[in-house]
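> Here you go, sequence then predicted model.
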Amino acid sequence: MNRLIAILPLMMLLAALTITTTASTTSAEETRIARMDQNKGKMMKPMPIRTEAITDMKMLDESSLELWSDTKLGKSGKSCASCHPDGMLLSKRAYPRYIKMTGDILTLDQMINFCMKNPMKAKPLKWNSKEMTTLAHYVTMHSKPSTKSP
Ligand code: HEC
C-alpha cells in the first residue's frame, strides 16, 4: 500500500507528460496541414519556364524544320542540316550518355549546345529558350534507332 502511494505521483506525472505530448503532436499536425494548404495555393500558380509558352505541337514541327536548316544560327555558315540532313548521325539512344566526340556524358540539350559552340560557331542556346525546345524536338523526331550497343 505504501509503495503504491509512493508510485502514484510518478504515474500522475507520466499521464500528464503523455497528454502534453499528444497535444503538441496534434498542433504540429495542424501546422503541417496548414502549410500544405499554403503550398497548394502556390502550386496552382507555378513559376513559368518562359514568358511565352509553346503549346502548338504542329507549329513546333514546322518551326523545327525551318530552324534545322537555318545557316544564320552561328557564324560558320552551316546549319544543323549541313551535317545532320534528315537526322543523319542522330541516334535514338537515351540521354544523358557518353558521346565520344565530346569526351563527356551529356544531356540532349548539352549535346545541342556542344554542336552550337563547336561546328556552328554559335552562342550556346539558353536552357529555357524556344530555340532549344525547337532543336530538341527535331532531334527527337528525326533520330534513328541505333545499331550500336547503348
Ligand atoms: C560540321 C558538322 C556539324 C554541324 C554543323 C552540327 N553537328 Fe551535330 N554532330 C556532328 C558530329 C560529327 C557529331 C558526332 C556524331 C557521333 O559521334 O556519332 C554530332 C553529334 C550531334 C548530336 C548527338 C548525336 C548522337 O545521337 O550521338 C546531336 C544531338 C547533334 N549533333 C545536334 C546538332 C545540332 C542541334 C546542330 C545545329 C545547331 C548540329 N548538331 C550541328 C557534326 C555537326
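Sure thing, it's come through.

> Helices of this protein, residue ranges please.
2-43, 57-68, 80-83, 108-117, 130-142 (DSSP state H).

> ok, the shortest one near the ligand or not?
Yes. Among the residues of helix 80-83, 80, 82-83 lie within reach of the ligand under C-beta under 6 Å from any ligand atom. Heads up, the C-betas are built off the backbone N, CA and C, glycines and all.

> Roughly how far does the closest residue to Thr102 other than its chain neighbours sit from the ligand?
Distances taken as C-beta to C-beta, 6 or more residues apart in numbering put Phe114 closest to Thr102, at 5.2 Å, once the chain neighbours are dropped. Separation of Phe114 from the ligand (C-beta to the nearest ligand atom, to the nearest Å): 7 Å.

> Show the contacting residues for Phe114.
Listed by C-beta atoms under 8 Å, 6 or more residues apart in numbering, the contact partners of Phe114 are 99, 101-102, 106.

> Those in strands, which ones?
Counted as lying in strands by DSSP state E, out of those, are 99, 106.

> With respect to Lys45, which of the contacts of Phe114 is nearest?
Leu106 (33.1 Å; C-beta to C-beta).

> and the closest residue in space to Ile112 that isn't next to it in sequence, how many residues sit next to it?
Leaving aside its chain neighbours, Ile112 sits nearest to Leu135 (5.2 Å; criterion: C-beta to C-beta, 6+ apart). Number of residues near Leu135 (other C-beta atoms under 10 Å) recorded here: 24.

> Check His137 too.
The burial count for His137: 19, using other C-beta under 10 Å.

> I'd guessed it sits against Ser64; true?
Yes. Assessed by C-beta atoms under 8 Å, His137 is found in contact with Ser64 at 4.8 Å.
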